[in-house]
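Q: Need coordinates for the following:
(one chain, ligands or ions: 1)
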Amino acid sequence: MDSQPELAPRSADTGDISPEEFRRFGHEVVEWIAEYMAGVGELPVLAPVRPGEVAARLPASPPGEPEGFDEILRDFRDIIVPGTTHWNHPSFFAYFAITGAGPGILGEMLAAALNNNAMLWRTGPAQTELEERTLDWLRQLVGLPEGFRGTIQDTASISTLVAVAAAREAAGLGVREEGMSGLPRLRLYCSEETHSSIEKAGITLGIGRTGTRKIPTDAEFRMDPAALAGAIAEDRAAGIVPFCVVATVGTTSTSSIDPVPAIADICEREGLWLHVDAAYGGSAAVVPELRGVLDGAARADSIVINPHKWLFVPIDCSTLYLRRPEVVRRAFSLTPEYLVTPEGESVTNLMDYGPALGKRFRALKLWMTLRRFGAEGMAARVREHVRLARLFAGWVDGEPGWERMAPVPMSLVVFRHRPAGLGDADTDAHNERLMAAVNATGETLLSHTRLHGRTALRLAVGNLRTTEEHVAHAWELLRRAATES
Ligand SMILES: Cc1ncc(COP(=O)(O)O)c(C=O)c1O
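A: As a prediction, the model looks like this:
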């Protein structure tokens, strides 16, 4: 008999933790999460650390030998948690406040356990079909018509990038094959209040910052459709090629709602792709009486809504709805031989709907969240956040020396303290000090913006655990700081 090559000794040790260890530490982790969720409101909302402080506590080199899970979890508790700003805190009112609710946290655990990559239908049949079904549920919940097909992306920034790439493809310029060289200048339109992700999409796609034209807004920070029409005419006369307009439902600074129906009229007349950035505001449409926020969006070519912003799904989960999904496929689909499957065109292959091949199972956490809350449960929480924001707005309106700087169509209040006798620059500096003082308490967290060149403070309600008391406490801290700053 021929001698066999010598094999390395067999070992049952995969290097992974054993099922017994997994069970033990898994229970410990779940216990920790349950306690964290119950007690997060007692922690400082803004991490009380200086830059570099966390890094200084982490070894500069990786461990040579395996480490015990006890030690790893201890360091998570002792180093990572104290260096964390707690977005799940009920007094987190900065940016757009969010919640990673329990059903989605459990969904993340299960998705990680399956570790499925649904790049192709056959590499994730349930994942692909659950994504399609769940996104159709969400479409119904926000009142979009049948025919819109959703895909999940990581963030709104990537959803918008995909949409603008599709708009460029729809313009029939041959960019997919020939690139951008030799083309006339292309123009993408948005408003002065649009989120920076739109301009970033322009940068990434070779449109450039000057190719992204910002249309002026009215007194309530909404895009001026007459100015949009004028800009398009001016650009066409100059030989520039308009191809896409981005309207926003819920702008970042003030949650303003662009006049989408009037913008849709212009896009139809001019043959331009209309993308609606409803990353934050689209969620409000789960409340029947707020569904009007999406008026006109049914006429868009693409719409982004982020369940990780205001539908209680842990970050990241952004949904992109497409009226003509085949245009996105035309822009992105590229199938090397090793990805060809017998199902061919008869199935959805999620890799065709964006630049990434790999596809994480994000639909699971969205599905679990929608099921656990139900349509009415979702609507009740979003409605309550709007009520809390309006309550706070009423306090600001009723207090001498304070002023509101924008309407409150959703759950964001934009305001400032305006002591008598202070000039504009001093009022700005005063509000910056005031916000710094309030945030330094660790008891609440606000953020700021600039409106018409002036500093404004933002209080955004969006966490499930936020109650009237948390909002009242933020107001109390602000009023106290205003007298001391
Ligand atoms: C209106 C709007 N669009 C897009 C984004 C970007 O969201 P993401 O972090 O998912 O890319 C934001 C972020 O706050 C936003 O407010």
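
Q: Can you pull up the residues of the stretch 201-350 of the chain that come close to the ligand?
A: Taking CB under 6 Å from any ligand atom as the measure of proximity, the stretch 201-350 of the chain contacts the ligand at Thr248, Gly250, Thr251, Thr252, Asp277, Ala279, Tyr280, Asn306, Ser318. All C-beta atoms are positioned from the backbone trio N, CA, C, and that covers glycine.

Q: again, only using 8 Å
A: 248, 250-252, 277-281, 304, 306, 308-309, 315-316, 318 (CB under 8 Å from any ligand atom).

Q: Helices - which of those land there?
A: Cross-referencing these against helices under DSSP state H gives His308, Lys309.

Q: my read: Glu270 touches Asp235, true?
A: No - the criterion here is CB atoms under 8 Å, and Glu270 misses it with Asp235 at 10.3 Å.

Q: What residue spans form the domains of the protein?
A: The chain breaks down into these domains under automatic domain parsing: 18-46+85-103+375-485, 117-360.

Q: Can you check the distance spanned by the longest one, start to finish?
A: Think domain 117-360. 6 Å (CA to CA, to the nearest Å).

Q: With the first one instead?
A: Terminal residues of domain 18-46+85-103+375-485 lie 57 Å apart, using CA to CA.

Q: could you give me the average pLDDT of it?
A: The average pLDDT within domain 18-46+85-103+375-485 is 97.

Q: and the stretch 51-200 of the chain, which residues reach the ligand?
A: Counting by CB under 8 Å from any ligand atom, the stretch 51-200 of the chain sits next to the ligand at 95-96, 154-160, 194-195, 197-198.

Q: Find the pair from these with maximum spatial separation.
A: Farthest-apart pair in those is Asp154 and Thr194; separation 19.9 Å (CB to CB).

Q: When the two are compared, which one has more neighbours?
A: Neighbours per residue, other CB atoms under 10 Å: of Asp154 and Thr194, the larger number sits with Thr194, 23 against 16.

Q: List the contacts of the more buried one.
A: Lys214, Val246, Thr248, Thr251, Asp277 (CB atoms under 8 Å, 6 or more residues apart in numbering).

Q: Which residue does the stretch 1-150 of the chain have closest to the ligand?
A: Per CB to the nearest ligand atom, Phe96 is where the stretch 1-150 of the chain lies closest to the ligand, at 5.3 Å.

Q: Just give me the neighbour total for that residue.
A: Neighbour number of Phe96 under other CB under 10 Å is 24.

Q: what's the distance between it and Leu459?
A: Distance of Phe96 to Leu459, given as CB to CB, to the nearest Å: 11 Å.

Q: Please apply the same query to Glu131.
A: For Glu131, the distance to Leu459 - CB to CB - is 34 Å.

Q: what about Ala229, neighbour count?
A: Counted with other CB under 10 Å, Ala229 comes out at 17.

Q: can you tell me which helix or strand it belongs to?
A: With secondary structure defined by DSSP states H and E, Ala229 is part of helix 225-237.
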